[in-house]
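> How does the following fold in three dimensions:
(chains A and B)
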Number of protein chains: 2
Amino acid sequence: MASSAIIGSSSNVQEMLDLEQNNHLNERARWVLDAPKPPGPWHELLDCVKENVLPHGNKFLSLRNQPGMKRAVSLLQGIFPVLGWCRNYKATKFKNDLLAGLTLASLSIPQSIGYATLAKLDPQYGLYTSVVPPLIYAIMGTSREIAIGPVAVVSLLLSSMIQKLEDPLANPISYRKLVLTATFFAGAFQAAFGLFRLGFLVDFLSHASIVGFMAGAAIVIGLQQLKGLIGITHFTNKTDIISVLKAVLKSVHHPWNPLNFILGCSFLSFILITRFLGRRNTKLFWLPAIAPLISVVLSTLIVYLTGADKHGVKIVKHINGGINPSSVHDLQFHGQNVGELARIGLILAVVALTEAIAVGRSIASMRGYHLDGNKEMVAMGFMNVIGSFTSCYVATGSFSRSAVNFSAGCESTVSNIVMAITVLISLQLFTSLLYYTPIAILASIILSALPGLIDLHEVQKIWKIDKLDFLACIGAFFGVLFASVEIGLLAAVTISFAKVIIISIRPGVECLGRLPGTDLFCDVNQYPVAVNTPGILIFRIKSALLCFANANFVRQRIMGWVIEENEHEESEEKAQGTIQLVVLDMSSLMNIDTSGIASLEELHKILASKGIQLAIANPRWKVIDKLRLAKFVDKIGGKVFLTVGEAIDACLNPKMATI
Amino acid sequence: MASSAIIGSSSNVQEMLDLEQNNHLNERARWVLDAPKPPGPWHELLDCVKENVLPHGNKFLSLRNQPGMKRAVSLLQGIFPVLGWCRNYKATKFKNDLLAGLTLASLSIPQSIGYATLAKLDPQYGLYTSVVPPLIYAIMGTSREIAIGPVAVVSLLLSSMIQKLEDPLANPISYRKLVLTATFFAGAFQAAFGLFRLGFLVDFLSHASIVGFMAGAAIVIGLQQLKGLIGITHFTNKTDIISVLKAVLKSVHHPWNPLNFILGCSFLSFILITRFLGRRNTKLFWLPAIAPLISVVLSTLIVYLTGADKHGVKIVKHINGGINPSSVHDLQFHGQNVGELARIGLILAVVALTEAIAVGRSIASMRGYHLDGNKEMVAMGFMNVIGSFTSCYVATGSFSRSAVNFSAGCESTVSNIVMAITVLISLQLFTSLLYYTPIAILASIILSALPGLIDLHEVQKIWKIDKLDFLACIGAFFGVLFASVEIGLLAAVTISFAKVIIISIRPGVECLGRLPGTDLFCDVNQYPVAVNTPGILIFRIKSALLCFANANFVRQRIMGWVIEENEHEESEEKAQGTIQLVVLDMSSLMNIDTSGIASLEELHKILASKGIQLAIANPRWKVIDKLRLAKFVDKIGGKVFLTVGEAIDACLNPKMATI
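Just a heads-up that it's a prediction; the model follows:
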C-alpha cells in the first residue's frame, strides 16, 4: 500500500528520470563498445608466468632498496623460516614441544618399522626415514604441526611400482638402490614444483578423488597386512583386491599357524580400544599415541619369554642398528630404468605433496595461519633429496601422526626435531631389543592406522553436494581396489577433467524474466517470481565458453524457442503480436571462438529473415573484443547494450535511443 | 544541468524510494535463498536424452491425435522429404534442374574417375559412387543444393587407412572388399548418429580445425597427384609430405617421360584459366564446370590420334562398363580386420558428415532455410549403406560440385537424379571411349579442385579473432602434412578440447567497480569509468566453474588483493579505515564442486580472522543450491544477495536490513 502511494506520487518524476536515463543510454552503450582492448594471449601468458614465478614481485623489488645486510637476512628467513621464530622461542614452548615430540616418537618408531615392511625394505629404513627428513623440514618448513616421516600410502605406492622393475625378495640390494633413486627424483620434482611455483599441479588431484583414493589405498594396505597377520610366506606382488584375496584363499588351504593371527588380533583390539578411550576423553590423547609402542614392548616380551617364535610366530629378527649410513653411491642415474624411475618419482612427488599439503593446510586453517604451498614444496623436496643421500625413502606429512602432534600441543617444528633425535637414539641403542618383535604386531599397528584414511562422512557429504565429484571419488576408489594404485590415480584425474569438459561445454540456454519491481532479468526457473515480457525473448547462455562443441546446440535451442513461442503467441492472442526482439544476455560468457561467432551470425541471419531483431546485453571484455574484430557488432547494427533493460528500451523505442 | 535539476527535485522522493527499497531488500534476498531446488543430475541426464531423441516430442504427441492416414503421411514425409515437395514440382523447375544436373554430370564424371584412383580403386568405382548414393539422397535428404558423390578428402583418407591392412596393388580384390565393408560401417555409423540424434558429435571437429585439416589434406592430395602428373610407377604408400617428397626425388633420378607432365600441366592451365574466366563473369559459370570434361575428351583424342601411349604417356586403359554390380557378398563381417574396419568406418563417417554438413549448412543459410542435421545424417547413412551393397565407396556432399550445382540454379534434389542418370548412361555406353584417357589429365582435374579446399582468408580471420583456434587449425594442418591424416584429426580434436579445459579452469578473478550513475558493478579493466568503493572489495570469478583445478588459486588471489589493499590503505590514509567487506559476485559461476566450496570456506575463515565480512551476490541456481547443502550460507550468516549493490547496502548498514 505504502509503496504504491510512493510510486504514484513519483510517477511524474519517474518520467523525467526516464528521459534523463535515455540521454545516458547512448553513453552507456558506448562504454560497452569503446572498451579498451583486452590483453592479448602472449601478454596473458607472460602475466601468468610472472605471477607464478614472482608472486611477491613488489616485495622483492622493495627489498632491493634496503641495505644489503637486512636484505640477506630477509632472504635467508624466506628460505629458512626457523630463523624467524627461533629468537622468540621460549622454555615453556620447548616443554610443550618436548612432550609432543616424545609422544610422536613413541608412535613413530613402530609405524616406521611397519611402513618399511610395506615398502618391502628392511625395518631400519623406516627408522632412518624418521630421522633425516624431519630435521631438514624443521628448519625449512612453514607448518608447525605437520609430522614428517614415512606414510602408508606412499610406502604402498613405492613398493607396488618399483617391484615391477626389480624383485625385492630376490635382489634386495638393487631394489633398495631403485627405491633410493626414485626418492631422489621425487624430492627433485617436489623442489622444482616449489621453485617454479607449479604448486597448482597438486590441485589437479581433486579433493573428492583424494578421498576415494585414500579409502581405496587403505583397503589395499589392509589386505596386504593379511600376509603378516596370518603369517603367509608366499604372497602375491599385485595390490588389487582380487589377486590378494586369491592369494589369501590359496594359503588358507595350506597349514597355517593361528598364533600369529591371535597375537595380531588381540593387540589390534588393544590399540583400537585405547583409541576409543582417547576419543571419549580428550585428556587421554596420549593413550592411543603410545599404545603401539606398548604393544611392541609387550608382544616382544611375550614372545621372548614363551619362545613362541619356535612355535611358528614370525618375528622381525635382526635389525641393523646405528645412524643413517650414506647412500650417495647407491643412486643410479644410468641404465635402462632411469626414465621409469623418474616417472615413478613424479607420481610419488605428487601423491606425497598432496597428502602433506592437505594435512598441513587443514591444521593451519584451524590455527588461523597461512601455509605457503610453494615454500612447503621446496622444503619437502630438499628433505627428500637429502633423505635419498642418507638411506631414507620418500617421507611426507602423515595424517595420523600430525593429528597426534597437534593434540599433544606442539608449538613449533621443534617437536619434529625431538622426535628425530629420539628415533636416532633408539636406532643407536635399542634395535637389538626388537629381535623378537612379532611381525603380526607390525601388521596390526598398520591396520590400526587405516580407519583414519577412510572418511565415510566426507564421502557422504560429497554424494550430497556433487554427484560428479562423487563419481571421481568412487572412480579412484575402485581403480585402486580392482586395478592398481596408478590406475586409480589416473582414473581420478581423468574423471575430474572429463567433468570439467562436460560442465564447460554443456550447452545451456536459460530464459530470463524481469524480477518484479526491479530492472533485473533472471532465470525464470530459479526465480519463479520473474515475469516474461510479451513480444520479447531474453536468453542467457549458461556456459562460460561459446565454442565449437556447444555453439550449434545453443543456436538450435534458441531457434526452437523462438519458433515455439511464435506459434504459441499466434494461436493464443493475435492482438499481442509475435516476437519482435531477441536479447542475448552475455554476462556469463567469458570467451567465444570462431565457431561460436559463426553460430551467432547464422542465428542473426535466420532471425532477420523472420523480421526479429537481435540485441546483445553485457558482453564481457574478450567477447565484445572478438565480436568487434569479427564485425558481428556491425552486422547486428550496433545493438550492444550494458544491460538487458537498456537493450529492450533502445530496441523497442528506437526514437528514444539511436546509436 | 537538466539532469542535476531533476536529481535535486527528486531527492526527497529518492529518500522514500530508498526506504521502500530497503523494505524490499529482505524480500529479494529471500528470492535468492528460497529458490526451488534445481533438477538433479539424473533428471538432467534424462532431459538431455529426451531432448536428443525426441526433439519434437510435442509434435509427435500431437500427431497421435490425428487420424491414422494423416499420421502415416506425416511420418513418411518426415523420412522422405521428397514426398513433401514433389506435388508442387513444376516443369519450369525441372528445366532448371535438368540444366544443373547435366552441368554437374560433366564435372562429376572426370572427378569421380580421378577420386577413384586416389582411393586406389578401379576408375569405374568412382562412377558407381556417383550413381546410387545421389539417387538415395534425392529421396531422403533435406538439402536441395548439395551434390553427392565421391570427394577428394574421403578418398584419400580411405586409401591411406585401408592400405595399412591390405596392399591395393598386390591384392586389389580383397582391398576392394575391405573398402566396401568400411563403407558399410561408415554408413551404419552415420545412420546411427542421425537416428540417436548424436549429431553434436560432428561439432567436435571445430570449424578452425576443419579449415586446417582441409588445407593439409589438399596439399597431401596434391602431392599424391605428382605420381600421375610425372608418371611414376613406384610411389610411396605413405601420405606425409616428407615420404612423398622423398619418393618424388628418388623417381626423378630415374628416367622419366616429360610427355605426361606437359600434357597434365597444359590441361591444368586450361582448367584454371576457365575457372578464372568463370569467376570474372558469373554468366560463364558453366565454363569451369565443363572444362574437365572438355579436357578429358580433347586429351583422349590427342593421345588416340598421336599414339602417344606408345611414347610413354600413361593411359587409363580398360574400364569395366555396365551399371553397378551387386557387392552384398563382398562385405566381410568376420576375420581379424572387422574391428579395425569399424574404427576406419567411424572416422570416415565423421569426416564425410563434417564436409557434407558444412557445405549443406552454408548453402542453406544463404538460401534462408533450415537444414536438419539429424535427418541429413540418416539420409547420408542410408545412401552409404545401400551404396556398399552396390559397389560404391563412401560418398558425401562435395564442396566444389555443390557450388557448381548452386550456381547452375538447381531447384531441388532432382539435379542429383539427373546427374546420376547421366553417369549411369555413360557407364553403360561410353566407358570404352575412355581407354586412351591419359592419367595425367585425371591428376590435373584433381589438382584443379584443390585450391577450393585451402581457405587462406578464413585462416587469416581465425588468426585475427582467436589465437587458440588458430593453434587447433595449424595443429590439424601440420598433423596431416607431416604425420598422417588420422594424426591430423587427432591433433585437431585434442587441441580443441585442451583449449576448452584451459579456458574453463583458468583461474580468473576481476575487481569490480561501480559504473557512475548506475547500480551496476563492472570489471574496472573493461570499463575504465568504473570507480572503486572505499572499504569494500568486490570480486567476480571469471570462470564458470569453481573447481579443484582453480579454487585454490582464486582463494589465494583474493587473499593477496585483500592484504595488498589493506597495506595500501593503512599506509595511505588512516582515516578511511581498512577493508570491511568483501563481496563475491557469483553471477558468472555456473557450478561449483566440493573443492570449490572448501576453498570458499577457507577464504571465509581467514577473512573472519581479520574481521572482514564476506557476502555473496547473485549466485546462480546450482551454486546457491550447493552452498545451501554444504551449509556455507549459514556459515557466512546468510549474507547472500541478489545484486552487489544490495549486498553493500545490507552489510554496511546492518540496521537497515537484517535477515
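> Any residues of the stretch 151-300 of chain A in contact with chain B? List them.
Taking C-beta under 8 Å from any C-beta of the partner chain as the criterion, the stretch 151-300 of chain A approaches chain B at residues A:200, A:203-209. For every residue, glycine as well, the C-beta is placed using N, CA and C.
> Swap in 10 Å and give it another go.
A:199-211 (C-beta under 10 Å from any C-beta of the partner chain).
> Sitting in helices, which of these do you find?
Residues of those located in helices (DSSP state H): A:200-203, A:207-211.
> returning to that earlier point: how about the residues of the stretch 151-300 of chain A next to chain B in TSV, adding pLDDT and neighbour count?
Below are those laid out as TSV (pLDDT from 0 to 100; neighbours: other C-beta atoms under 10 Å in any protein chain shown):
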residue	pLDDT	neighbour count
A:G199	73	21
A:F200	74	18
A:L201	75	17
A:V202	76	22
A:D203	78	22
A:F204	79	16
A:L205	80	25
A:S206	82	29
A:H207	83	25
A:A208	86	33
A:S209	86	31
A:I210	85	23
A:V211	87	28
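> Which member of those is positioned nearest chain B?
Nearest to chain B among those is A:S206, at 3.2 Å by C-beta to the nearest C-beta.
> Domains in chain A, by residue range?
For chain A, automatic domain parsing gives the domain ranges A:2-33+A:506-652, A:82-500.
> While we're on the closest residue to A:G278 other than its chain neighbours, how confident is the model there?
With C-beta to C-beta, 6 or more residues apart in numbering or on different chains as the criterion, A:G278 has its nearest non-adjacent residue at 4.1 Å, and that residue is A:P288. A:P288 is assigned 83 on the pLDDT scale.
> One more: A:C265?
Looking at A:C265, its pLDDT stands at 90.
> Beyond the helix or strand containing it, next helix or strand please.
Using DSSP states H and E, A:C265 falls within helix A:258-280. The element immediately downstream of helix A:258-280 (helix or strand, assigned by DSSP H and E) is helix A:286-306.
> re earlier: quick one, which of the domains of chain A is packed in tightest?
Of all these, domain A:82-500 has the most neighbours on average by mean count of other C-beta atoms under 10 Å in any protein chain shown, namely a mean of 21.
> quick one: the helices in the stretch 1-150 of chain A?
A:2-9, A:11-33, A:41-53, A:57-64, A:68-79, A:82-85, A:91-118, A:123-129, A:132-140 (DSSP state H, counting those that start in this stretch).
> dump the residue contacts of A:L121.
A:115, A:128-129, A:150, A:155, A:158-159, A:168, A:172, A:175-176, A:179-180, A:391, A:393 (C-beta atoms under 10 Å, 6 or more residues apart in numbering or on different chains).
> Please tell me I have it right and A:Y436 contacts A:K310.
No: judged on C-beta atoms under 10 Å, A:Y436 makes no contact with A:K310 at a distance of 11.0 Å.
> and for those two, which residues touch both?
A:V303.
> Now A:S174: closest residue in space, sequence neighbours ignored.
Nearest non-adjacent residue to A:S174, counting by C-beta to C-beta, 6+ apart: A:E166, 5.4 Å away.
> thought the one you found was touching A:V179?
Yes: using C-beta under 10 Å, A:E166 is in contact with A:V179, at 9.2 Å.
> distance between stretch A:494-513 and the chain's centre?
Stretch A:494-513 has its C-alpha centroid displaced from the chain centroid by 21 Å (C-alpha atoms, centre = their mean, to the nearest Å).
> before we move on, the earlier item: could I get the domains of chain A in a markdown table, plus columns for distance to B:N237?
A markdown table is the format used below for the domains of chain A (distance: least, C-beta to C-beta, whole Å):
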| stretch | distance to B:N237 |
| --- | --- |
| domain A:2-33+A:506-652 | 33 |
| domain A:82-500 | 33 |
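> A:R540 belongs to a helix?
No: with DSSP: H, G, I helix; E, B strand; the rest coil as the criterion, A:R540 is assigned strand and is not in a helix.
> check contacts around A:N532.
Contact analysis of A:N532 by C-beta under 10 Å, 6+ apart lists A:511-514, A:524, A:538, A:565.
> among these, which are in strands?
A:511-514, A:538 (DSSP state E).
> returning to that earlier point: the inter-axis angle of the helix holding A:C265 versus helix A:91-118?
Helix A:258-280 runs at 150 degrees relative to helix A:91-118, counting by axes from the mean of the first three to the mean of the last three C-alpha atoms, to 10 degrees.
> Please export the C-alpha coordinates of helix A:258-280 as PDB.
Provided in PDB are the C-alpha atoms of helix A:258-280 (Å, rounded to 0.1, in the frame of the first residue of the first chain):
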ATOM      1  CA  PRO A 258      46.900 -69.400  14.200                       C
ATOM      2  CA  LEU A 259      49.300 -68.000  16.900                       C
ATOM      3  CA  ASN A 260      50.300 -65.100  14.600                       C
ATOM      4  CA  PHE A 261      46.600 -64.300  14.000                       C
ATOM      5  CA  ILE A 262      45.700 -64.500  17.600                       C
ATOM      6  CA  LEU A 263      48.600 -62.300  18.700                       C
ATOM      7  CA  GLY A 264      47.900 -59.700  16.000                       C
ATOM      8  CA  CYS A 265      44.200 -59.500  16.600                       C
ATOM      9  CA  SER A 266      44.500 -59.200  20.300                       C
ATOM     10  CA  PHE A 267      46.900 -56.300  20.100                       C
ATOM     11  CA  LEU A 268      44.900 -54.700  17.300                       C
ATOM     12  CA  SER A 269      41.900 -54.800  19.700                       C
ATOM     13  CA  PHE A 270      44.000 -53.200  22.400                       C
ATOM     14  CA  ILE A 271      45.100 -50.300  20.100                       C
ATOM     15  CA  LEU A 272      41.500 -49.800  18.900                       C
ATOM     16  CA  ILE A 273      40.200 -49.700  22.400                       C
ATOM     17  CA  THR A 274      42.800 -47.200  23.600                       C
ATOM     18  CA  ARG A 275      41.800 -45.100  20.600                       C
ATOM     19  CA  PHE A 276      38.200 -45.300  21.500                       C
ATOM     20  CA  LEU A 277      39.100 -44.200  25.100                       C
ATOM     21  CA  GLY A 278      41.300 -41.400  23.700                       C
ATOM     22  CA  ARG A 279      38.400 -40.100  21.600                       C
ATOM     23  CA  ARG A 280      35.900 -40.200  24.500                       C
END
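> Show me what that helix is packed up against.
When contacts are defined as 3 or more C-beta pairs under 10 Å, 6 or more residues apart in numbering or on different chains; DSSP states H and E, helix A:258-280 sits against helix A:207-230, helix A:286-306, helix A:439-449.
> With distance to B:P123 added, can I get those in CSV?
What follows is those, written out as CSV (distance: least, C-beta to C-beta, whole Å):
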stretch, distance to B:P123
helix A:207-230, 57
helix A:286-306, 83
helix A:439-449, 74
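> of those, which approaches B:V531 most closely?
helix A:207-230 (38.0 Å; C-beta to C-beta).
> Flag the shaky bits of the stretch 51-200 of chain A, pLDDT-wise.
By pLDDT under 70, the low-scoring segments of the stretch 51-200 of chain A are A:51-67.
> one more time with 50, if that's ok
A:55-63 (pLDDT under 50).
> now do chain A
Ranges of chain A meeting pLDDT under 50: A:1-9, A:55-63, A:574-575, A:655-659.
> Apply 70 and report the result again.
Applying pLDDT under 70 to chain A flags residues A:1-25, A:48, A:51-67, A:233, A:255, A:368, A:507, A:568-577, A:654-659.
> And stretch A:503-518, how far out from the chain middle?
Using C-alpha atoms, centre = their mean, the offset of stretch A:503-518 from its chain centre is 31 Å.
> Then stretch A:276-295?
Centroid separation between stretch A:276-295 and its chain, computed with C-alpha atoms, centre = their mean, is 30 Å.
> got the end-to-end distance for that stretch?
16 Å (C-alpha to C-alpha, to the nearest Å).
> Wondering if stretch A:497-517 reaches chain B at all.
Yes: counting by C-beta under 10 Å from any C-beta, chain B is contacted by stretch A:497-517 at A:497-501, A:503-508, A:510, A:515-517.
> Ramachandran angles for the closest residue in space to A:S108 that isn't next to it in sequence?
Closest residue to A:S108 apart from its sequence neighbours, by C-beta to C-beta, 6+ apart: A:S130 at 5.1 Å. Geometry field for A:S130 lists phi and psi as phi -90, psi 10, criterion degrees, to the nearest 10.
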